[in-house]
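Engineer: Below is the structure, and that's it, no one-letter string:
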C-alpha cells in the first residue's frame, strides 16, 4: 500500500475506473476532484448529450488520451507523461443505446461509456492500446513514474 511505502497518493479524479485500477495496483489514495461551476467535466450531463456521445461511437471509434502526473511533495521531483488508446465499435443498436442511457453509470464516466459494461462489450470491435488507458489510468506509466520520484 502507498502509505506503507512511505508516501501519500492523491488522485485528482472521481473516476470509478481510476479508483479501481489504483486499488488493484495495491495503492491507498485520497481523492481530489476538479469541479467547474459545480459540474465534473467530461461526463454526459443530460440524456441527449449521452445519446449524442454513444451514437457517435456506433460504427466508428473513440480515442482516449490519458495523462499521469506523479509528484513527490517532499523532494519536488515530478514526472509527467501521457498514453493514448483507441476503441473501435461495431454498430450499436438503438435499444442498447436506450438501455445504456437508462443506466446511471453512463453519467458517471467520461464519454458516457465503460469499456467493461456488459451492454457495450459485445459491440467493441478492437482496442488499440491499453485497456487500462481507456479506463482512465495507464498502469505501466503510473508505476514507472512512482518508482522514479521515490
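Structural biologist: Received the coordinates, thanks. The structure presented is a predicted model; accordingly, all values stated were derived computationally and were not measured.
Engineer: Give me the below-cutoff pLDDT ranges for the protein.
Structural biologist: Regions of the chain meeting the criterion pLDDT under 70 cover residues 1-6, 29-41.
Engineer: if you go through it in chain order, where are the helices?
Structural biologist: With DSSP state H as the definition, the chain shows helices at residue ranges 16-24, 47-57, 94-102, 131-135, 139-149.
Engineer: and residue 141, how many neighbours does it have?
Structural biologist: The burial metric for residue 141, expressed as a neighbour count using other CB atoms under 10 Å, is 20. Every C-beta, even on glycine, is put in place using the N, C-alpha and C of the backbone.
Engineer: From what I see, it and residue 68 are in contact.
Structural biologist: Yes - distance between residue 141 and residue 68: 5.2 Å, which falls inside the contact criterion (CB atoms under 8 Å).
Engineer: intersection of neighbour lists for the two?
Structural biologist: By CB atoms under 8 Å, 6 or more residues apart in numbering, residue 141 and residue 68 have these common neighbours: 81, 83.
Engineer: returning to what we had before: for the helices of the chain, which one sits closest to residue 77?
Structural biologist: Between residue 77 and these, the shortest gap by CB to CB is with helix 139-149, which sits at 4.6 Å.
Engineer: can I get the helices of the chain in CSV with distance to residue 86?
Structural biologist: As requested, the helices of the chain are exported to CSV (distance: least, CB to CB, whole Å):
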stretch, distance to residue 86
helix 16-24, 17
helix 47-57, 11
helix 94-102, 20
helix 131-135, 8
helix 139-149, 17
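Engineer: Nearest approach to residue 122 belongs to which of those helices?
Structural biologist: Distances from residue 122 to each of the helices of the chain were compared using CB to CB; the minimum, 8.5 Å, belongs to helix 94-102.
Engineer: Check this protein and tell me which residue is nearest its centre.
Structural biologist: The residue at the geometric middle of the chain, judged as the C-alpha nearest the mean C-alpha position with CA atoms, centre = their mean, is residue 136 (2.3 Å).
Engineer: neighbours around the closest residue to residue 84 other than its chain neighbours, how many?
Structural biologist: With CB to CB, 6 or more residues apart in numbering as the measure, residue 65 is the residue that lies nearest to residue 84, at 4.8 Å, once sequence neighbours are left out. Residue 65 sits with 10 neighbouring residues when counted by other CB under 10 Å.
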